[in-house]
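**Q** I'll drop the sequence and a predicted model, then ask my questions.
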Amino acid sequence: MMRRFWPTPLVVSHQEKLRMLVGAALGVLFVGVLSRYLGTGMAPWLVAPIGASAVLVFGVPSSPLAQPWAVVAGNTLSALIGTAIALVLPDNLAVAAALAVALAIAVMLWARCLHPPGGAAALLVVLAHKPSFDIVLFPFLLNSVLLVVAGLVYNNLTARPYPHHSKTDRDDTHANNRFTQSDLNAALEHYQQIIDVDPSDLAQLLQYAESAAYQRTLGDLRCEEVMSRSPHAVEFGSSLSEAWGLMRRHRIKALPVVDRARRVVGIITMADFLKHAQIDEYMNLSERIKHVWQPSGLSHGDKPEVVGQVMTRRVRVASAQSYLAELLPLFSQTGHHHLPVIDSENRLIGILTQTDVVSALAKAVRQPTSLTPPL
């Protein structure tokens, strides 16, 4: 039971901690100096909730609670609510304080500007004993705007995009994405709680976690340990009949296309033959494919004669030293079935197929990992 009260460790680098500290100090200094200059003779010129806002703006600039609209509208609307409640209930501070904080949260939720320091802003106004709508514009609005300006400059200079760019305005169903926006929305709706993370960041974190799981399961297994060595290949000028014969004879569905130095320039697959066969009916399949690879005997014509005219030129390759975990998404999400493997001199030395990957995964499942004690 007591473990629940123990704080979880923050997985943050010392460099990021220093960035946060310097940013908060410079941000509050900028707000304080400029607000005091612009509000000469007026008090207060700086309010305490700005310190809490600085924690969010410079500490977690990607948080939905730290975005410019949340900072400015959250603090200002809350101060407005606090002022109104203090004027209506001037003699009952406890009730006024509770009502001001509750209504401030309700308004921030309605205006989509939930900002924790806003609750402090509403409470501060009630406890000030001198409620006035003037303080809504100065210092609350001015302080908040100046803090956002400081955040815009500092965060972007330190490689922390601010305002944070969100991709939640579109449902990205591209094959590279493991989770679509609809999936995340359904999960968040089921969770029924506010999560202080942007949905697009959540999707990226899930992808990183998935990659980490692959890495943990497969360990340091590299491509050269799994690939099929000495793969069959053809050259750019090889005849289509030669390529078709190799594929039929060795029962393979793809052939890397190489130059004389064995550097990969393309790949020819069954799909390439089928694409040029212009299939209309299943009964004509064998005849049409045969028509593709059989030479026409003409010196000129539109019919393809060599591999280079049919092959797929944009081919994805992998280094022999690549980790297998890094290549799994290519097979599971992008539809790749064959991946040529090259050495340090970009020469073809092997090919990685779905069969090779499945075999490696099967071995990884059967063998206990270093993180799982043997039974």
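**A** Now that the structure is in, tell me what you want to look at.

**Q** contacts and neighbour counts: CA atoms only from here.
**A** Fine.

**Q** on contacts alone, who are the packing partners of the strand or helix carrying residue 120?
**A** Secondary structure from DSSP states H and E places residue 120 in helix 116-127. Secondary-structure packing of helix 116-127 (3 or more Cα pairs under 8 Å, 6 or more residues apart in numbering; DSSP states H and E): helix 49-54, helix 68-88, helix 93-110.

**Q** Any buried residues in the helix or strand encompassing residue 17, and which?
**A** Using DSSP H and E, residue 17 sits in helix 14-38. In terms of neighbour count (16 or more other Cα atoms under 10 Å), helix 14-38 has its buried residues at 19-20, 23-24, 26-28, 30-32, 34-36.

**Q** which helices and strands sit right next to that helix?
**A** Using 3+ Cα pairs under 8 Å, 6+ apart: helix 14-38 touches helix 49-54, helix 142-157.

**Q** Helix, strand, or coil at the residue nearest the centre of the chain?
**A** The centroid of the chain falls nearest to residue 204 when counting by Cα atoms, centre = their mean (3.0 Å). Following DSSP: H, G, I helix; E, B strand; the rest coil, we place residue 204 in the helix state.

**Q** same thing with residue 261?
**A** Quick answer, by three-state DSSP: residue 261 is coil.

**Q** What residues are bridge-paired with the closest residue in space to it that isn't next to it in sequence?
**A** Nearest residue to residue 261, sequence neighbours excluded (Cα to Cα, 6 or more residues apart in numbering): residue 347, at 7.1 Å. Here residue 347 sits in beta bridges with residue 263, going by DSSP bridges.

**Q** just checking, residue 347 touches residue 262?
**A** Yes - contact criterion Cα atoms under 8 Å: residue 347 and residue 262 qualify, at 5.1 Å.

**Q** What separation do you get for residue 260 and residue 233?
**A** According to Cα to Cα, to the nearest Å, residue 260 and residue 233 sit 11 Å apart.

**Q** between those two, which one's more packed in?
**A** residue 233 (22 against 9; other Cα atoms under 10 Å).

**Q** Test for you: state the pLDDT assigned to residue 291.
**A** The model reports residue 291 with a pLDDT of 50.

**Q** could you measure residue 51 against residue 2, distance?
**A** Distance from residue 51 to residue 2, by Cα to Cα: 31 Å.

**Q** For the two, indicate the residue with more neighbours.
**A** residue 51 (17 against 5).

**Q** out of everything not next to it in sequence, what's closest to that one?
**A** Residue 51 sits nearest to residue 28 (Cα to Cα, 6+ apart), 7.0 Å away.

**Q** Test my guess that the one you found contacts residue 53.
**A** No - assessed by Cα under 8 Å, residue 28 is found out of contact with residue 53, at 9.6 Å.

**Q** list residues touching both of those two?
**A** Common contacts of residue 28 and residue 53 (Cα atoms under 8 Å, 6 or more residues apart in numbering): none found.

**Q** tell me the mean pLDDT for stretch 60-75?
**A** Stretch 60-75 comes out at a mean pLDDT of 96.

**Q** Not counting stretch 247-262 itself, show me its contacts.
**A** Counting by Cα under 8 Å, 6+ apart, 232-236, 243, 246, 264-270, 307, 311, 338, 340, 347-348 sit against stretch 247-262.

**Q** got it, and stretch 16-31?
**A** Residues contacting stretch 16-31 (Cα under 8 Å, 6+ apart): 46, 50-51, 54-55, 58-59, 143, 146-147, 150-151, 154-155, 158.

**Q** Which among those residues count as buried?
**A** Counted by 16+ other Cα under 10 Å, the contacts of stretch 16-31 give 46, 50-51, 54-55, 58-59, 143, 146-147, 150-151, 154-155 as buried.

**Q** Looking at the residues you listed, which is nearest residue 128?
**A** residue 46 (13.6 Å; Cα to Cα).

**Q** Quick check, pLDDT for the closest one.
**A** pLDDT, residue 46: 95.

**Q** quick one, what contacts it?
**A** Per Cα under 8 Å, 6+ apart, neighbours of residue 46: 31-32, 35-36, 139-140, 143.

**Q** Likewise for residue 44?
**A** Applying Cα under 8 Å, 6+ apart, the residues near residue 44 are residue 139.

**Q** how close does it get to residue 142?
**A** Counting by Cα to Cα - residue 44 and residue 142 are separated by 12 Å.

**Q** just residue 339 next, same as before
**A** Relative to residue 142, and taking Cα to Cα, residue 339 is found at 58 Å.

**Q** How many residues are close by the residue lying closest to residue 269 once chain neighbours are set aside?
**A** Computed as Cα to Cα, 6+ apart, the closest residue to residue 269 that is not its neighbour in sequence is residue 254, at 4.1 Å. Neighbour count for residue 254, taken as other Cα under 10 Å: 24.

**Q** if we can go back for a sec, let me have the helices and strands packed on helix 14-38 in CSV, extended by distance to residue 88.
**A** Output for those, formatted as CSV (distance: least, Cα to Cα, whole Å):
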stretch, distance to residue 88
helix 49-54, 23
helix 142-157, 25
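
**Q** These into CSV, with extra columns for distance to residue 67 and mean pLDDT?
**A** CSV is the format used below for the helices and strands packed on helix 14-38 (distance: least, Cα to Cα, whole Å; pLDDT from 0 to 100):
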stretch, distance to residue 67, mean pLDDT
helix 49-54, 10, 97
helix 142-157, 8, 97
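
**Q** Show me the one of the ones you listed that comes nearest residue 180.
**A** Short answer: helix 142-157, nearest of the helices and strands packed on helix 14-38 by Cα to Cα, at 28.1 Å.

**Q** And the helix or strand just after the closest one, what does it pack against?
**A** Downstream of helix 142-157, the first helix or strand assigned by DSSP H and E is helix 181-191. Other elements packing on helix 181-191 under the criterion 3+ Cα pairs under 8 Å, 6+ apart are helix 199-218.

**Q** packing partners for the helix it packs on?
**A** helix 181-191, helix 324-332, helix 354-366.
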